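Q: Next one to model:
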Amino acid sequence: MSQASPTSDAVKFAYWVPNVSGGLVVSTIEQRTDWSLGYNQRLALAAEQAGFEYALAQIRFTAGYGAEYQHESVSFSQALLHATTRLKVLAAILPGPWNPAVVAKQIATIDHISNGRIAINVVSGWFKGEFQAIGEPWLEHDERYRRSNEFIRALKGIWTQDNFSFKGDFYRFTDYTLSPKPVQKPHPEIFQGGSSRAARDNAASVSDWYFTNGNTPEGLKAQIDDIQAKAAKNGHTVRIGVNAFVIARDTEEEAQAVLADIIKHAHVEAVNAFGDAAKQAGKSSPEGEGNWAKSTFEDLVQYNDGFRTNLIGTPLQIAERIVALKAIGVDLVLAGFLHFIEEVEYFGQKVLPLVRELEAKQPAAAGQAALEAVA
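A: Purely as a prediction, here's the structure:
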């Protein structure tokens with residue numbers, strides 16, 4: 001079902017690109033999802049037709065936690081762009097393995113090839129074992145975000161200035177001019193994730209978009225309020241995306257049964273191994289409040305706390321909860337699914353039209369009512 005173009009303040013939708021094997025849950029349950037290029041190109045077309053504006057390609061360098069195979073994010077993003085005409089694809093970038101000069105050049109070229117449909121998600125890094133495996137120095141938590149801050153500032157400078165010079169602790173440029181610069185002005189969108197104070201501070205100063213793990217409306221509102229207050233002090237504008245694992249079914253009982261089945265068949269060893277590494281990363285922030293710091297075993301079965309956002313139920317229930325998220329400042333929902341192509345199509349047919357209807361009916365009042373319904 002083709003969707004009309006949303007208004008500028010409408011909630012936007014992105015989906016996780018399954019360019020990593022194992023799907024989006026660490027479970028042995030059947031997932032009619034595949035990490036191959038052919039499947040992903042069909043999925044990208046289905047998502048574009050369903051009304052999704054963005055797709056996020058993941059970055060992994062090593063196997064583990066149910067993800068034995070991984071396609072590289074920038075190359076894979078370009079392949080998806082070739083298969084679509086409207087979808088914007090976010091390539092995940094990891095400072096350390098990537099230098100900002102290389103990223104700036106790669107993305108500028110892809111921006112021309114795709115007519116302005118590439119963006120990046122700067123991943124500061126959470127998996128120490130991965131850095132050790134590929135011989136990259138491992139920085140402490142806040143230092144990783146300080147490096148990402150310089151990385152983003154360098155990218156913006158290269159993309160917007162001639163004779164760019166920069167002298168940081170991690171990156172240095174002298175009189176550097178990139179040509180041609182990107183099609184998108186002022187530059188391709190820069191996304192960044194995290195939940196810690198350092199992540200929020202970074203988003204409030206340099207990032208265009210901030211992704212947070214799944215959470216309750218109350219937990220999300222606290223993060224969003226903090227970011228936006230800091231961004232206002234910095235004279236900066238940042239938009240908010242939240243992760244959610246979507247289980248949309250004709251009845252609530254069906255949706256809850258799917259969730260129970262996913263958790264029942266959780267790959268216990270893989271979930272626990274991921275949990276140990278992820279919680280170490282989350283608790284390593286000085287305040288102990290980073291991603292996964294408080295995640296339960298059930299939360300970690302979806303490795304970005306996607307169940308906690310509670311987009312699980314009937315199309316109307318999910319639409320109401322999405323509008324509730326909008327009411328607290330969420331601009332984009334980053335969705336994962338069990339059976340990607342068929343569930344993206346169902347979402348486009350059943351859920352997204354209801355979201356647009358609710359947005360059109362006295363948006364503020366509808367959002368507040370929905371917020372109260374899920375609080």
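Q: check contacts around residue 17.
A: 40, 43-44, 55-58, 76-77, 80, 89 (Cβ atoms under 8 Å, 6 or more residues apart in numbering). (Each C-beta comes from the backbone N, C-alpha and C, glycine too.)
Q: From residue 57, how far out is the residue nearest to residue 251 when sequence neighbours are not counted?
A: Leaving out its chain neighbours, the residue that sits closest to residue 251 by Cβ to Cβ, 6 or more residues apart in numbering is residue 314, at 6.4 Å. To residue 57, residue 314 is 30 Å away according to Cβ to Cβ, to the nearest Å.
Q: Give me the residue ranges of this protein where confidence is low.
A: For the chain, residues meeting the criterion pLDDT under 70 lie at 1-7, 64-66, 274-294, 362-375.
Q: Strands along that one, start to end?
A: 12-17, 54-57, 88-93, 118-122, 164-167, 172-176, 190-193, 209-212, 239-245, 247-248, 312-313, 332-336 (DSSP state E).
Q: Residue 314 and residue 57 - which one has more neighbours?
A: residue 57 (26 against 19; other Cβ atoms under 10 Å).
Q: which residues sit in contact with that one?
A: Taking Cβ under 8 Å, 6+ apart as the test, what residue 57 contacts is 17, 19, 71, 73-74, 76-77, 80, 89-92.
Q: For it, name its beta-bridge partners.
A: Residue 57 has these beta-bridge partners by DSSP bridges: residue 17, residue 91.
Q: next one: residue 243
A: residue 334.
Q: So it versus residue 142, what's the distance?
A: 22 Å.
Q: Neighbour count: those two, which is higher?
A: More crowded of residue 243 and residue 142, by other Cβ under 10 Å: residue 243, with 26 against 19.
Q: who's in contact with the nearest residue to residue 139 once chain neighbours are set aside?
A: The shortest distance from residue 139 to any non-neighbouring residue, by Cβ to Cβ, 6+ apart, is to residue 147 (6.4 Å). Listed by Cβ under 8 Å, 6+ apart, the contact partners of residue 147 are 95-96, 124, 139, 170.
Q: for those, which one is nearest residue 339?
A: Set against residue 339, the nearest of those by Cβ to Cβ is residue 124 (31.3 Å).
Q: Just give me the neighbour total for that closest one.
A: Per other Cβ under 10 Å, the neighbour tally for residue 124 reads 26.
Q: Is it correct that it is in contact with residue 196?
A: No. The criterion here is Cβ atoms under 8 Å, and residue 124 misses it with residue 196 at 9.5 Å.
Q: Please identify every residue contacting each of those two.
A: residue 145.
Q: how close does the residue nearest to residue 251 sit to residue 253?
A: Per Cβ to Cβ, residue 314 is found 10 Å from residue 253.
Q: swap in residue 8?
A: The value you get for residue 8 to residue 253, if Cβ to Cβ is used, is 37 Å.
Q: mind listing what the closest residue to residue 154 other than its chain neighbours touches?
A: If the residues on either side of it in the chain are set aside, residue 154 comes closest to residue 100, at 4.1 Å by Cβ to Cβ, 6+ apart. Residue 100 makes contacts with 151, 154-155, 158, 171, as judged by Cβ under 8 Å, 6+ apart.
Q: Buried among the residues you listed? Need that as a selection in ChimeraX.
A: The following ChimeraX line selects those of these that are buried, judged by 16 or more other Cβ atoms under 10 Å:
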select :151,154,155,158,171
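Q: Nearest to residue 50, out of the contacts of residue 100: which one, please.
A: Nearest to residue 50 among the contacts of residue 100 is residue 155, at 30.8 Å by Cβ to Cβ.
Q: Where do the helices of the stretch 251-375 of the chain begin and end?
A: Secondary structure of the stretch 251-375 of the chain, counting by DSSP state H, counting those that start in this stretch: helices at 252-264, 268-283, 297-301, 315-327, 340-346, 352-360, 363-374.
Q: surely residue 187 meets residue 153?
A: No. Look at residue 187 against residue 153 with Cβ under 8 Å: they stay out of range, at 11.6 Å.
Q: Who has more neighbours out of those two?
A: A direct count of neighbours by other Cβ under 10 Å for residue 187 and residue 153 places residue 187 higher, at 22 against 16.
Q: From residue 180, how far out is the more buried one?
A: 13 Å.
Q: cool, residue 346 as well?
A: Taking Cβ to Cβ as the measure, residue 346 falls 41 Å from residue 180.
Q: Same question for residue 157.
A: 16 Å.
Q: Look at the two and report which has more neighbours.
A: Ranked by neighbour count (other Cβ under 10 Å), residue 157 and residue 180 place residue 157 first, with 19 against 9.
Q: residues touching the more buried one, list them.
A: Contact partners of residue 157, counting by Cβ under 8 Å, 6+ apart, are 164, 166, 173.
Q: at 6 Å instead, please
A: By Cβ atoms under 6 Å, 6 or more residues apart in numbering, the residues touching residue 157 are 164, 166.
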